[in-house]
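Q: Prediction below, plus the sequence it came from.
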Amino acid sequence: MKKRFELSSGLQGETLVRKGLKRKRPVSEQIRIAPDINVIKIGGHGAIDYGRDVMYPLCDEIGTLSKKHKLLVVTGGGGRVRHIMDIGMDLGMPTGVLAELSAKISEQNAIMVSILLSKYNGSRIHTGDLLELPMLLKLGILPVIHGTPPYGLYEHPSRSDAIPPHRTDTGAFLIAEVLGAKSCIIGKNVDGLYAEDPRKNPDAELIRDITAKELIKMDLEDLVLEPMVIKLLEDAAHIREVRIINCHKRGNIEKAINGNNTGTIIRAE
């Protein structure tokens, strides 16, 4: 038998799955590509679907803030995603196909939001443009990107639920993590994370501050954000907290950027 050819390196001969590898090779600090940027996720269901009455003042607020803070706007899908998924699941579409279909909706929303922000130098960017963000920000551009992660047909399958687990909240979080962003702020149409759905129970408790582990242990019936974000938060290197705010209330975004808790903070630990 011929000897295997190896390139000389610190990982020479490694399978990359051996448990002792981490002990052998200490983890070095990762580069933060855009450490001053604030990732602001604007939900489709939580904001964009409300139309002019919500989006005009919200985009004016974001545009004004972009003159003082470095921002990346991430868009969700909203009601049209729910519609296409319902049809797709009824037709028996695989999870990966549902991910492909739903991505088109958040892309459409990114185009519309970027046009609403055009007077503030709003510009729709693509996933491949993320590494250009330092340059784009120095040029005074307010970047807008869709939030659906590009798993596409490679989305994680599930025997019990065809809905893709990595959706736009998760996409915003993953973008913030890879950029080493200053913050990850998720804009919703409620004041934060509640122990129960506040639309069904007006007296539901607003959870102001909680760790990912505590939240997972609570096993709530419903959540204000995707469960995958909470799982990923525990192991993240840069983003150690996610802030959930009501983006319908003017001023909440800037307060969150400045470190104030205007809704709910979910911490890694």
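A: That came through fine.
Q: What's the mean pLDDT across stretch 262-269?
A: Across stretch 262-269, pLDDT averages out at 96.
Q: Can you tell me what sits against it?
A: Under the criterion CB atoms under 8 Å, 6 or more residues apart in numbering, residues 188, 191-193, 206-213, 215, 224, 229-230, 233-234, 236, 240-246, 249, 252, 255-256 lie in contact with stretch 262-269. The way it works is simple: take the backbone N, C-alpha and C, and place the C-beta from them, glycine included.
Q: now do stretch 228-239
A: 30, 32, 165-167, 169-170, 173-174, 176-177, 179-181, 184, 212-213, 215-216, 223, 240-242, 266-269.
Q: about what we covered before: sort out for me which of the contacts of stretch 262-269 are in helices.
A: Helix and strand membership here follows DSSP state H; of those, those in helices are 212, 213, 215, 229, 230, 233, 234, 252, 255, 256.
Q: quick one: buried residues of the host helix or strand of residue 60?
A: Here residue 60 sits within helix 52-65, counting by DSSP states H and E. Using 16 or more other CB atoms under 10 Å as the test for burial, helix 52-65 gives 54, 55, 58, 59, 61, 62, 63, 65.
Q: and those as CSV, adding pLDDT?
A: Shown next, in CSV, are these (pLDDT from 0 to 100):
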residue, pLDDT
54, 97
55, 98
58, 98
59, 98
61, 98
62, 98
63, 98
65, 98
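Q: nearest to residue 102, of those residues?
A: Out of these, the one with the shortest distance to residue 102 is residue 55. That distance is 20.4 Å, counting by CB to CB.
Q: ok, the closest one - contacts?
A: Residue 55 touches 47, 48, 113, 116, counting by CB under 8 Å, 6+ apart.
Q: If we only consider these, which is nearest to residue 141?
A: Of those, the one sitting nearest to residue 141 (CB to CB) turns out to be residue 113, at 14.0 Å.
Q: Only alpha carbons, please: show whichever strand or helix holds the closest one as PDB.
A: Applying DSSP H and E as the criterion places residue 113 in helix 95-116. What follows is helix 95-116 as a C-alpha-only set of coordinates in PDB (Å, rounded to 0.1, in the frame of the first residue of the first chain):
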ATOM      1  CA  THR A  95     -37.200  21.300   3.800                       C
ATOM      2  CA  GLY A  96     -34.400  22.400   1.400                       C
ATOM      3  CA  VAL A  97     -36.900  23.500  -1.200                       C
ATOM      4  CA  LEU A  98     -38.900  25.400   1.400                       C
ATOM      5  CA  ALA A  99     -35.700  27.200   2.300                       C
ATOM      6  CA  GLU A 100     -35.100  28.200  -1.300                       C
ATOM      7  CA  LEU A 101     -38.600  29.500  -1.700                       C
ATOM      8  CA  SER A 102     -38.700  31.500   1.500                       C
ATOM      9  CA  ALA A 103     -35.400  33.100   0.700                       C
ATOM     10  CA  LYS A 104     -36.900  34.800  -2.300                       C
ATOM     11  CA  ILE A 105     -39.400  36.600  -0.100                       C
ATOM     12  CA  SER A 106     -36.900  38.200   2.300                       C
ATOM     13  CA  GLU A 107     -34.800  39.200  -0.800                       C
ATOM     14  CA  GLN A 108     -37.900  41.000  -2.100                       C
ATOM     15  CA  ASN A 109     -38.200  42.800   1.200                       C
ATOM     16  CA  ALA A 110     -34.500  43.800   1.200                       C
ATOM     17  CA  ILE A 111     -35.000  45.400  -2.200                       C
ATOM     18  CA  MET A 112     -38.100  47.400  -1.000                       C
ATOM     19  CA  VAL A 113     -36.400  48.500   2.300                       C
ATOM     20  CA  SER A 114     -33.200  49.600   0.500                       C
ATOM     21  CA  ILE A 115     -35.300  51.700  -1.800                       C
ATOM     22  CA  LEU A 116     -37.100  53.300   1.200                       C
END
